[in-house]
Structures are given as C-alpha cells and as structure tokens.
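Q: below is the sequence, then the predicted model.
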Amino acid sequence: VRPRLLLLLVLGAAAVTLAACSGEGSDAFVHVGMKDNFFTRDVTRIAVGDTVRWTNDGEAPHNALDPEGAWSTGEAAGKGEFDVMLPGEALEMTFPEEGIYEYYCSLHGTPDGEGMAAVLVVGDLEYQASEKAPAEPVTTWTGVTRNVPADYPTIQNAVDAAEPGDLVLVAPAPQDDEHLAPDGEYVYKEQVDVTTPYITIRGTDRDQVIIDGEFTRPNGINIAAADGVAVENMTARHATINGFFWTSLRGYRGSYLTAYNNGVYGIYAFDSTDGLLEHSYASGHPDGGFYIGQCDPCEAVIDHSISEWNGLGYSGTNSSGDIYLVRSVWRDNQAGIVPNSLDSELLPPVHDVTIVGNLIEGSGNAAAPALKAQFVAQGHGIILAGGLDSEVERNRIVNSTKTGVLITPNLDENFWMAGGNRIVDNVIEGSGYADIALGGPGKGGDCFADNTIRTTMPPGLETWQGCDGLRLPFRWELASTLMTLGRLAEANPLEFPVNDWTTVRKPAEQPQLPGGAERGWSPPTTCSPTTTSISPRSRRRTTRPT
Ligand SMILES: [Cu+2]
C-alpha cells in the first residue's frame, strides 16, 4: 500500500453514485518513485499501452530521460528535455510500444546506466538483468561456495562473482571498527544488489549476520529481474525502504529471514511470481511487514512466519490468484492482514487470496509505526478492501480493537467493491466493534458460516448470508465504513501520530535455518505452481515447497 491510499471511505449516497460510474475498468498505473537519489525500482514491467506515474518522493529535483534523447519527463510535461520534477510533483506517461526502455536522471545518473538509472520493460518480453541468465532454470548446485568475509570482503563482491547455481555463504561481520554499529553489533554496511539469477545467499547465523542500511541506504538486499534467487538465515535492518526486496522476476524464496526497523516494508516481492516466504519475521515497518504486490496469478505462499509491530502485518495490493497466507502469526500490528485493490499498481482488483490457519492477535496497536493509510486501517484483524472471491478459513482472530474480519469497498481513483468472499470456520473473539463486519456497498455474494463469533455488523450475517441456502443479495452496513471515515479525518497529516519506525524494539532471537551452513543447496524455488498449492479444505500439504 502506498501512503496516500487505502482510503476506506464510504459516504452512503455519494458512494452509490461513485459505484454507478466505476465498474470493472481501471485507470491503473504503475508507480515509480524518484527518491534521493534513486528510482524506487530497478526494473519495472508493464503491458503495452500501460501508464507509468512518476512521482518525486524525494527532497531534491529529479527527472527521467531516455539515454538517446527519445523521451523525457521534461518533454512530457511540455518543457525542455532536461527539465526537472520538483519534490511532490507527479507525471503520467503512457508507453504504447513494446520495448526495453532504459532511463536515467540527468542530475544524479549517467546515460550509460551509472547512478540513478533504471529499466522499464514494456510488453511481454523476456528480460533478465544479467547476461549470466541461463536458458533454463538452474536446479542443482554448482558445488561452488563463495565465503564472506573469508574470500570476499563484502556480500556484494561475492554476489557479483557468483554464477547461477552458486552458494554465497555469509558469516557474521568481522569484529572491527569498520563493521561496528552504534548499538554494538557488528554488521555489513552495504546494500546488496542482485542481478545474477539462481543463486542462494545464506547467512551462517540468522541473528548475527546483519545487513544494516544505517538509515541511509534504501534496501538490504535488492533482487531485480533475476529469477530464482533464494535468501536464507540472515537479518536486514535500518534500510530506508525495504529489508529484503524481489522485483520483476519468477521464482523466489526467503527462508528464516529477519527484517526489522526498515523505512517502508520488511520482506517484499513485487511483480514477481512463484514465491515462498517461510519461517521469516518482520517488525517495525510503517507499511507492510510482509508485502506481496501486483501479481496475478501470484503463485505465492507465506508460511510459518511472524509479523508484529508493523503498520500492516501483511499488505497485498492487487496480488491475486494462487496466493496463500497460512500458519503464521500476525500480532500487535495497526492492522493484521490487508489484501487490497488500488489503482496505484497494475492488475486491480485483488481476488482469490486464501488466508487459512493463522493467528491474528492484538490488531489496533496504536503504538506501532504507521503511515497515513495504515493508520486508517487501524484496529482490524483482516481487511478485505475491495477484494473478490477470497477465502478466510480456520483462523483464530483475537483482541482486535475494531473488527476481526472487515469486508469493505475501497475508494481509490476507481471505487472497488468487495464481493464473493467466504468467511468460514474462524474463531473470533475480543473484537471492539464486531467480530465480522460487512461494509458496503458491495458486489454481494459474500458468505459467512460456522464461525465461532458473538457479533456481526450488520447483525445476523450467518443467518442471512450463509454459505448454503438462503442468501440475501445486498446486505451491508455503513457504520464500519463511517468509522474509518472518522479515522480519515484524524489522519490529517498534521494530526495523526507518526510513530517512529527507527526505534521499535529489537526482535528476540529467531530460530535458525535447520542445518545452517552445512545444509544442502536446494533449488531456490519450485518453479511449479502445483507443488506450492494448498487445498483450502485440507490442513495437510502433500508436498513441501522447499
Ligand atoms: Cu535525480
């Protein structure tokens, strides 16, 4: 979720008018932020005819230009080629022709791709960031282990030397002044950029191998357009944007990762498919501790993980289809699990998300860090915000300050109505407003059965909107959405409390990767959707994705 969004805003009659003029069509765009001094994504992929919205989210002026002079944000704004966008300015550009478009900022990068530069892939083109990319997925170890710091002084050095199929094995940072952090930990003071596919980066100790952004570098590990990269058994902290970040690729795995106190997201996969995030932990992020964004079908699983003290435990903007959040703990976040439909990323609306067997506890932690939109979501265990056809089953949801499960429309540039969701067999208690609330207007078709609950809003959801038999087509209430309207008023940027993400307490020690350094090299991913699927009706998984 991007900061200004997730407006859970509904005004009775006005909303109906909005609904009447929205519909399935979307003006969705993909957002590329300009920061000081980098683009927020190294690689962005869009379909032919899609729109990019550039926003200057930094404090310095920036622009984006084709190295050959074919286009620039300045010219698109009706000004000169090298004209800049000032902080806060936004500009949309549509790309009607297929191609691989490199671009750079003329103030902070060079036409040959140094510094502030990135790539836009338009259309269904194969694009891998590295010439090392093999034709086929690499599923066996080369036998090569590249040791940090024994063979390479930095993780980046080892990653740059690695070939597909290699293992980069990282021991704790040397105990010298160069690696000493203010809190006494010895850390790697680097951002690791990965463009070589099919490598595994493993720490020998999850708690002691720490990549530290020192509150200046944007990412801990940044994997862009490199398929099949696995990261295991280490910690990323104090990055200004993301702890661990995969973007525009197929096949990813994060196992036994700890991300804490990073400026936006902890563990984040964007525009990527076929992924597994497991046995991982995230705390102290003002947006999602875990975030899977813009994929359909995502073919992704989050399993056996813990997310606490974040704005959102999980955020999933427009991430749909074969996506499973299972057997994980989401506690003491502003809001727990929030799949949502927004126009600020491609592929809305969100649909077919499966949320099974989780513990969601203490949602509404007002002391957790949050941006404006996350503050608006405060107090709900699960929010299906403009979501369709999702399954919420056999979760235990306790002590949410507002609702255990809230189904609500989401107003962005379009008005995204929810519908067709199944809320079944959950145990929900201690909710401040209602165990389950169905906010409207909606598309209808949501159903509720066999939940252990005391209260629903509107009352009698299980009676009147059961999953078998009688179902009234349009039945929802406005109080829960009006409640979030109150929140919106409070969320005036001058008034809402901005809790500091840099000072959330450190997590406790976390479980180590079984086998540690001695563990065999496993294929980074399954690269097959069938082996990661879990039947929503069955607790048993027939094959393990690792
Ligand atoms: Cu710039």
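A: Cool, the structure landed.
Q: lowest average confidence, helix or strand, in the chain?
A: helix 12-20 (a mean of 30; mean pLDDT, DSSP states H and E).
Q: give me the neighbour count for the nearest residue to Thr200 once chain neighbours are set aside.
A: Closest residue to Thr200 apart from its sequence neighbours, by C-beta to C-beta, 6 or more residues apart in numbering: Ala230 at 4.4 Å. (Glycine included, C-beta is placed from N, CA and C.) Around Ala230 there are 23 other residues, counting by other C-beta atoms under 10 Å.
Q: wait, Pro441 sits on Pro409?
A: Yes. When contacts are counted by C-beta atoms under 8 Å, Pro441 is listed as touching Pro409 (6.3 Å).
Q: for the ion, what's its nearest residue on the stretch 151-300 of the chain.
A: Residue nearest to the ion within the stretch 151-300 of the chain (C-beta to the ion): Pro218, separated by 13.5 Å.
Q: give the contact list for that residue.
A: By C-beta atoms under 8 Å, 6 or more residues apart in numbering, the contact set of Pro218 is 35, 38, 40, 191, 239-242.
Q: try it again with 10 Å
A: Counting by C-beta atoms under 10 Å, 6 or more residues apart in numbering, Pro218 touches 35-36, 38-40, 191, 239-242, 245, 262-264.
Q: which one (most neighbours) among those residues?
A: Asn262 leads those on contacts (other C-beta under 10 Å) with 33 neighbours.
Q: distance of the closest residue to Pro174 other than its chain neighbours from the ion?
A: Take Pro174 and drop its neighbours on the chain: the residue closest to it by C-beta to C-beta, 6+ apart is Pro149, 5.7 Å away. Using C-beta to the ion, to the nearest Å, we find Pro149 at a distance of 33 Å from the ion.
Q: I'd say Pro149 and Ile155 touch.
A: Yes. Applying C-beta atoms under 10 Å, one finds Pro149 in contact with Ile155, separated by 8.8 Å.
Q: now the common contact residues for these two.
A: Between them, Pro149 and Ile155 share the contacting residues 170, 173, 188, judged by C-beta under 10 Å, 6+ apart.
Q: in which helix or strand would I find the second one?
A: Assigned by DSSP states H and E, Ala173 falls within no helix or strand.
Q: Pro149 and Ile155 - which one has more neighbours?
A: Ile155 (26 against 17).
Q: for the more buried one, grab phi and psi.
A: Note on Ile155: its backbone torsions stand at phi -60, psi -40 [degrees, to the nearest 10].
Q: which residue is the nearest non-sequential neighbour of it?
A: Closest residue in space to Ile155, ignoring its immediate chain neighbours: Val192 at 4.8 Å, by C-beta to C-beta, 6+ apart.
Q: residue contacts, the residue nearest to Pro174?
A: 155, 157-158, 170-174, 179, 188.
Q: what about it, distance to Asp160?
A: According to C-beta to C-beta, to the nearest Å, Pro149 stands 15 Å off from Asp160.
Q: and Asp42, how many neighbours?
A: Here the count is done by other C-beta under 10 Å, and Asp42 has 22 residues near it.
Q: quick one: pLDDT of it?
A: Per-residue pLDDT puts Asp42 at 90.
Q: surely it is in contact with Asn242?
A: No. Using C-beta under 10 Å, Asp42 is not in contact with Asn242; the gap is 12.0 Å.
Q: can you select the buried ones from the contacts of Pro149 in PyMOL?
A: Only the buried members of the contacts of Pro149 enter the following PyMOL selection, criterion being 16 or more other C-beta atoms under 10 Å:
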select buried, resi 155+157+158+170+172+173+179+188
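Q: among the contacts of Pro149, which two are most distant?
A: Maximum pairwise distance in the contacts of Pro149, criterion C-beta to C-beta, is 16.6 Å, between Asn157 and Pro172.
Q: tell me, how many residues neighbour Asn37?
A: Applying other C-beta under 10 Å, I find that Asn37 has 14 neighbouring residues.
Q: actually, Asp332.
A: Asp332 is flanked by 20 other residues according to other C-beta under 10 Å.
Q: now swap in Asp183 and tell me
A: 10.
Q: quick check, it in a strand?
A: No. Using DSSP: H, G, I helix; E, B strand; the rest coil, the assignment for Asp183 is coil, not a strand.
Q: and Ser431, its phi and psi?
A: phi -80, psi 140.
Q: ditto for Thr200
A: With angles defined as degrees, to the nearest 10, Thr200 sits at phi -110, psi 130.
Q: repeat for the one 5 residues further on
A: The phi and psi values for Asp205, taken as degrees, to the nearest 10, are phi -150, psi 120.
Q: I'd say it and Pro172 touch.
A: Yes. Between Asp205 and Pro172 there is a contact under C-beta under 10 Å: 5.9 Å.
Q: anything in contact with each of the two?
A: Joint contacts of Asp205 and Pro172 (C-beta under 10 Å, 6+ apart) are Met234.
Q: and for Tyr152, the neighbour number?
A: 18.
Q: contacts only, for the closest residue to Gly362 other than its chain neighbours.
A: Closest residue to Gly362 apart from its sequence neighbours, by C-beta to C-beta, 6+ apart: Asp332 at 4.3 Å. Counting by C-beta under 10 Å, 6+ apart, Asp332 makes contact with 283, 307-310, 313, 361-365, 367-368, 399.
Q: between the residues you listed, which sits nearest Thr200?
A: Thr200 lies nearest to Ser307 out of the contacts of Asp332, by C-beta to C-beta, at 23.7 Å.
Q: the helix or strand that the closest one is a member of - which strands sit beside it in the sheet, and in what orientation?
A: Using DSSP H and E, the element containing Ser307 is strand 306-308. Using DSSP bridges, the strands paired with strand 306-308 are strand 281-283 (parallel), strand 329-331 (parallel).
Q: can you pull out the strands in the stretch 1-150 of the chain?
A: Applying DSSP state E, counting those that start in this stretch to the stretch 1-150 of the chain gives strands spanning 29-35, 38-39, 43-46, 51-56, 90-94, 99-109, 115-122, 145-148.
Q: of all those strands, which one is nearest Leu461?
A: Per C-beta to C-beta, nearest to Leu461 of those: strand 29-35, 35.6 Å.
Q: tell me what the closest one is packed against?
A: Packing partners of strand 29-35 (3 or more C-beta pairs under 10 Å, 6 or more residues apart in numbering; DSSP states H and E): strand 43-46, strand 51-56, strand 90-94, strand 99-109, strand 115-122.
Q: which pLDDT value does the model give the residue lying closest to Asp212 once chain neighbours are set aside?
A: Distances taken as C-beta to C-beta, 6+ apart put Val187 closest to Asp212, at 3.8 Å, once the chain neighbours are dropped. Here the pLDDT value assigned to Val187 is 98.
Q: show me the contacts for Val187.
A: 172-173, 179-181, 208-214, 235, 237-238.
Q: sorry, back to before: would you say the residue nearest to Thr200 is within a helix?
A: No. Counting by three-state DSSP, Ala230 is not part of a helix but strand.
Q: check contacts around it.
A: 167, 198-202, 223, 251-255, 276, 521-525, 546.
Q: what pLDDT, on average, does the strand ranked longest in the chain get?
A: Counting by DSSP state E, the longest strand found in the chain is strand 242-260. Averaged over strand 242-260, pLDDT sits at 95.
Q: next, the angle from that strand to strand 115-122.
A: 110 degrees (axes from the mean of the first three to the mean of the last three C-alpha atoms, to 10 degrees).
Q: direction included, what does the following helix or strand past strand 242-260 pair against?
A: Heading C-terminal from strand 242-260, the first helix or strand you meet, by DSSP H and E, is strand 265-278. Strands adjacent to strand 265-278 in the sheet, as given by DSSP bridges, are strand 242-260 (parallel), strand 288-293 (parallel), strand 300-303 (parallel).
Q: mean confidence for the shortest one?
A: The average of the pLDDT scores along strand 300-303 is 96.
Q: just stretch 150-165 next, same as before
A: 97.
Q: what does stretch 436-453 give?
A: For stretch 436-453, mean pLDDT rounds to 92.
Q: so which bits of it are buried?
A: Buried residues in stretch 436-453 (16+ other C-beta under 10 Å): 436-449, 451, 453.
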